[in-house]
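In: Could you look at this predicted model? Sequence included:
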Amino acid sequence: MAQKYQVGLIAFAISLLLDVVTKYLVNENLTYADRVPVIEGFFYLTHVRNTGAAFGLFRDAPAVLRLTFFIGVSTIAIGIIIQFFRQLAPGDRLSALALGLILGGAIGNLLDRIRLGEVVDFLHFILWGGYQWPDFNLADSWIVIGVALLVLELLASEGEERAAANSGGTENS
């Protein structure tokens, strides 16, 4: 089995499993709207539901329209992620890791939408000046981490290409 499949499947399985288990634990152990301090004044475990997208976007749209839209967009995104994964070089472990994390997060939130009609969020941070970051979950975190890894890899490879082009250009002068 190619390294990309090993890394991608492991990242996918672990990220999805952790997302599903943590949401289950929140549902079983916290009452809706609970807020339990982990680091007082900074980090709390909560139990909230998000009917919308990131930052609660579209939460007021009619439920049938909202769910159809989110399930459709998620399904298309999952298809695109799988297609990107197939196009990776066999040894491209970093991109495989990133895409595995994104896929695990996307499917984790999709499962919530299908099962509950909304997404369970439970991580709550209060930042400088009392700003409260919108609640989120591990699936959201996996998606952000995966995208960040892809961006970093893109920037690194672009830097390598520029360095190679510059060193090639000075040799020909």
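Out: Right, received. Where do you want to start?
In: mind checking the SS state of Thr68?
Out: helix (DSSP: H, G, I helix; E, B strand; the rest coil).
In: Residue numbering should commence at 570 henceforth.
Out: Renumbered: residue one is now 570, and that last one reads Thr637.
In: Tell me the spacing between it and Leu692.
Out: The gap separating Thr637 from Leu692 is 27 Å, by C-beta to C-beta, to the nearest Å. Heads up, the C-betas are built off the backbone N, CA and C, glycines and all.
In: So if I had to pick from the two, which one is more boxed in?
Out: Set Thr637 next to Leu692 and count neighbours by other C-beta atoms under 10 Å: Leu692 wins out with 19 against 11.
In: That one against Asp704, yeah?
Out: Yes: judged on C-beta atoms under 8 Å, Leu692 makes contact with Asp704 at a distance of 6.4 Å.
In: Which residue comes closest to the spatially most central residue of the chain once chain neighbours are left out?
Out: The geometric centre of the chain, computed from its C-alpha atoms, lies nearest to Ile712 (C-alpha atoms, centre = their mean), at 1.5 Å. Leaving out its chain neighbours, the residue that sits closest to Ile712 by C-beta to C-beta, 6 or more residues apart in numbering is Gly674, at 3.9 Å.
In: Hmm, that neighbour is touching Ala708, no?
Out: Yes: with contact defined as C-beta under 8 Å, Gly674 reaches Ala708; the gap is 4.0 Å.
In: joint contacts of those two?
Out: Ser584, Asp588 (C-beta atoms under 8 Å, 6 or more residues apart in numbering).
In: Would you map the strands across the protein?
Out: 604-608, 612-619, 688-695, 701-705 (DSSP state E).
In: Can you get me a residue count around Lys592?
Out: Lys592: 24 neighbours (other C-beta under 10 Å).
In: which residues does the closest residue in space to it that isn't next to it in sequence contact?
Out: Using C-beta to C-beta, 6+ apart and skipping the chain neighbours, the partner closest in space to Lys592 is Val689 (4.4 Å). Under the criterion of C-beta under 8 Å, 6+ apart, the neighbours of Val689 are Lys592, Val595, Asn596, His616, Val617, Arg618, Asp681, Asn706.
In: Show me which of the residues you listed are buried.
Out: Neighbour counting with 16 or more other C-beta atoms under 10 Å marks Lys592, Val595, His616, Val617, Asp681, Asn706 as buried within the contacts of Val689.
In: Tell me the one of those residues nearest Ala725?
Out: Nearest to Ala725 out of the buried ones among the contacts of Val689 is Asn706 (C-beta to C-beta; 28.9 Å).
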